[in-house]
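1. Provided below for reference: sequence and predicted model.
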Amino acid sequence: ELDALQARLRESAGRRESSQQSLEALRREVSRAENESLRLQGELAGLEARREATQARIEALEADGRRIFEQQSSARQRLEEISAQAHAAAEALHAAEAAQDAAEAALEEGELQRQRVEEDLSASRRSAAQIQSRLEVLVQLNLEGEGAAPGAQAVLRGLDRPDHFKPAVRGMLGSLLQVEPGFLSAIEAALGERGETIVLNDKATAREILESLYEHKLGRASLVAPNGDHFPEQGGAPEGSLGWASDRVRCDSDDLLRLVRGILHGVALATNLDHAAELRSRHPAAAFATQHGELIDAGGIVTGGRAGEGVTSALQRRDEIASLNARLASVQAELSAHEEARAAVLAGRENRKGALEVARAALRDRQNELAGLRAGRGLLEKELQEAESRAASLGGERERAAADLDAAAGRAGELGERIAACGREA
C-alpha cells in the first residue's frame, strides 16, 4: 500500500511537473502572442500615421491640382488674349509696312520732282544769264555808238572832257526809240543817218561839242536838243498806205516824241517797193518807207539795200533790247515760279522725310510690340506646358498616394485581424 501511495505520489509529481512545463510553455506562448500583438499594434500605429500623412499629401496634391488648374485656366485666357493682341499687332505691322512703303514712294517721287524743278530752275537761270549778258552787250554797244560815224562815237565817249559832256548826252536817237513790230526796217529807212543823231539835254552844250569835234578832228556828228516844239498835224495818211511812220514809234518822253514826229513828218509806210512806187504816183508830196527797208523820199530819191551779217544799228539794238527785256521779264517770272516750286518741293520733301521717319518709328514700334507679344506667347505656352506637365505628375502622384492609402487601409484591416487573433490566442 505504501508502495502504491509512493507510486501515485510519483505519478502525481510527474503530472505536476508535466503541467508545470505545460504552464511554462503556455506562459511563453502568451508572452509571445502579447509581444506579437504589441509589435502589430506599433506597426498599425505607424501605418495609421502613414495613412494620415498620405491623406494629407493627397489633400495637398488636390490643392496643388486646383491651383495648377486655375493657373492653366488663367494661362489659357492670357494666351488667347495675347494671341488676339499678336494678331492685331501683325495687322498693325502690315499697315506700318504699307505706310513706310508709301512714305518711301512719296519721298522718291518728291526727289524726282525736286530734280525736275532743279533742272527747270537751272535752265531758267542759264536763260536769264544769257539774256542779261546779251542785254549788257547791247546796252554797252549803244552807249559806245557801235556802227555810228566816228564823230558820233566820240561824242558818246565824252570827247576830251567826259565828266563834262557825258551828263549832257541822252544818247543816239535810234537807241531812244521803240518801234511797233514789223516796221523796224521801215522806220530805220525813214530815219536814215538821222538815227545816229546825238540827243542832248540842252542846246548850250551843242556848241561846245561841235567846237571840240572840229578842234580835235574827231569827225562829224549831228546834234539835237528837243525843245518841245509842236508840229502841225499831218491829217489822214495816204489812201492805201500802212499809215504814217511817226504813228509806229514810241518814246519815253513827250519832247522826244514831238522831235521824232517832226523828223518823220510826211513819211508814210508801204509794204514793198512796188507798193511804195504806186502810192508815190498818187501822192507825190509824200515820202514812203517800206517794210523791206527801202525809202522813196519826197524828191523821188530811192534808197535801199541791206547791211552784212552782224552789222546792227542803234534802232535795231534798241528793238532787240526791248525784246530781250520782255523775254527777261518772262524768264524771271518763270524763275520766280520755279523758285517757289522748289521751295514748295523742298518743304514737301522735309514733310515727306518727317512722314517717313514717323512711319519707320511706327514700324519699329509695331515690330518690337509683335516681337514682345510673340515672346510673351512663347513664355505662356511654355508655362502652360509646364503646368500641364505638373498637373500630369500630380495626377500620377495622387493616384499612387491613393493606391498607397488603399493598401494601407487593407494592411490596417489585416493587422487589426491579426491583433484580434493574437488577443484571442493570448
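-> Arrived safely.
2. CA atoms only: put stretch 367-384 into PDB for me.
-> Extracted in PDB, the C-alpha atoms of stretch 367-384 (Å, rounded to 0.1, in the frame of the first residue of the first chain):
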ATOM      1  CA  GLN A 367       7.900  95.100 -84.800                       C
ATOM      2  CA  ASN A 368       9.000  95.400 -81.200                       C
ATOM      3  CA  GLU A 369       5.400  95.100 -80.000                       C
ATOM      4  CA  LEU A 370       4.900  92.000 -82.100                       C
ATOM      5  CA  ALA A 371       8.200  90.500 -81.000                       C
ATOM      6  CA  GLY A 372       7.300  91.200 -77.400                       C
ATOM      7  CA  LEU A 373       3.900  89.600 -77.800                       C
ATOM      8  CA  ARG A 374       5.300  86.600 -79.500                       C
ATOM      9  CA  ALA A 375       7.900  86.200 -76.800                       C
ATOM     10  CA  GLY A 376       5.200  86.500 -74.200                       C
ATOM     11  CA  ARG A 377       3.100  84.000 -76.000                       C
ATOM     12  CA  GLY A 378       6.000  81.600 -76.100                       C
ATOM     13  CA  LEU A 379       6.500  82.100 -72.400                       C
ATOM     14  CA  LEU A 380       2.800  81.400 -71.700                       C
ATOM     15  CA  GLU A 381       2.800  78.400 -73.900                       C
ATOM     16  CA  LYS A 382       5.900  77.100 -72.000                       C
ATOM     17  CA  GLU A 383       4.200  77.900 -68.700                       C
ATOM     18  CA  LEU A 384       1.100  76.100 -69.900                       C
END
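3. tell me the buried residues in it?
-> Glu369, Leu370, Leu373, Gly376, Arg377, Leu380, Glu383, Leu384 (16 or more other C-beta atoms under 10 Å). Yep, even glycine has a C-beta here, placed from its N, CA and C like the rest.
4. repeat for stretch 283-298
-> Neighbour-count burial for stretch 283-298 [16+ other C-beta under 10 Å]: 283, 286-297.
5. now do stretch 353-363
-> Those buried within stretch 353-363 under the rule 16+ other C-beta under 10 Å are Ala355, Leu356, Ala359, Ala362, Leu363.
6. same question, stretch 304-324
-> Going by neighbour count (16+ other C-beta under 10 Å), the buried part of stretch 304-324 is Thr312, Ser313, Ala314, Leu315, Gln316, Arg317, Arg318, Asp319, Ile321, Leu324.
7. tell me the gap between that stretch and the middle of its chain.
-> What separates the centre of stretch 304-324 from the centre of its chain is 50 Å, taken as C-alpha atoms, centre = their mean, to the nearest Å.
8. list of residues touching that stretch?
-> Contact with stretch 304-324 is made by 131, 134-135, 138-139, 141-142, 145-148, 172-179, 184, 187-189, 191, 195-196, 273, 292-295, as judged by C-beta atoms under 8 Å, 6 or more residues apart in numbering.
9. wait, Glu381 touches Leu79, no?
-> Yes. Using C-beta atoms under 8 Å, Glu381 is in contact with Leu79, at 6.7 Å.
10. now the most centrally placed residue in the chain. Its backbone dihedrals?
-> In the chain, the residue lying closest to the centroid (C-alpha atoms, centre = their mean) is Arg352, at 2.5 Å. Backbone torsions for Arg352, taken as degrees, to the nearest 10, come to phi -70, psi -40.
11. residue contacts, it?
-> Arg352 touches Ala103, Ala106, Leu107, Gly110, counting by C-beta under 8 Å, 6+ apart.
12. so the first one touches Ala359, yeah?
-> Which is Ala103. Yes. Between Ala103 and Ala359 a contact is recorded at 4.3 Å, counting by C-beta under 8 Å.
13. what about the residue nearest to the residue nearest to the centre of the chain when sequence neighbours are not counted, distance to Gly240?
-> Distances taken as C-beta to C-beta, 6 or more residues apart in numbering put Leu107 closest to Arg352, at 4.6 Å, once the chain neighbours are dropped. Using C-beta to C-beta, to the nearest Å, we find Leu107 at a distance of 68 Å from Gly240.
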